[in-house]
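Student: I would like to see how this sequence folds:
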Amino acid sequence: MPPVHVDGGSSRERWALWILAVVAVACPLACALVATDVVAPLRAGAVVVMFVLAPGAAVLGRRAAEPGLVVGVSLALDAIAAQCLLWTNHWAPTTATYVLAAACFPVLVFQLLRHSGRRAPVGLEA
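Tutor: The predicted structure is shown next:
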């Protein structure tokens, strides 16, 4: 079944772009809040959004319009990373936050640029 186009794009594509944009903002925000040791509820909210959405949105890209799939993939990748940290006796949640943001943020920005119709920076064209 072809997608229904509204205002130049399907609602599914707009939903995927919205998820990518929210997560792209959450990655640096979570890092900044963790680094500055801001009040716990704000910091926890940004970190939870990043951990629950960022890995899945980065991996799925255009298919990020399915929120359940994004959350499932994110939590699976988070669990694998946490288990690896525990096995190696290197449990460091702050470092894991920075590494996750550093791994996901460039991918999310690239996908946003690609889906918004803007040209990607030189060397990043697919």
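Student: let me see the ranges of the helices in this protein.
Tutor: Here the chain has its helices, by DSSP state H, at 11-35, 40-60, 67-87, 93-116.
Student: show the backbone phi and psi for residue 39.
Tutor: Dihedral angles of residue 39 (phi, psi; degrees, to the nearest 10) stand at phi -50, psi 140.
Student: spatially nearest residue to the most centrally placed residue in the chain (excluding sequence neighbours)?
Tutor: The centre of the chain sits closest to residue 54, judged by CA atoms, centre = their mean, with a distance of 2.0 Å. Closest residue to residue 54 apart from its sequence neighbours, by CB to CB, 6 or more residues apart in numbering: residue 104 at 4.1 Å. (Glycine included, C-beta is placed from N, CA and C.)
Student: can you count the residues close to that neighbour?
Tutor: 25 (other CB atoms under 10 Å).
Student: repeat that for residue 67.
Tutor: That count, for residue 67 with other CB under 10 Å as the rule, works out to 13.
Student: cool, and the one 3 residues further on?
Tutor: Neighbour count of residue 70, defined by other CB under 10 Å: 25.
Student: relative to residue 98, how far out is it?
Tutor: From residue 70 over to residue 98 the distance is 21 Å, taken as CB to CB, to the nearest Å.
Student: count of neighbours near residue 79?
Tutor: 10.
Student: isn't the residue nearest to residue 54 up against residue 58?
Tutor: Yes - counting by CB atoms under 8 Å, residue 104 does reach residue 58; the two are 4.3 Å apart.
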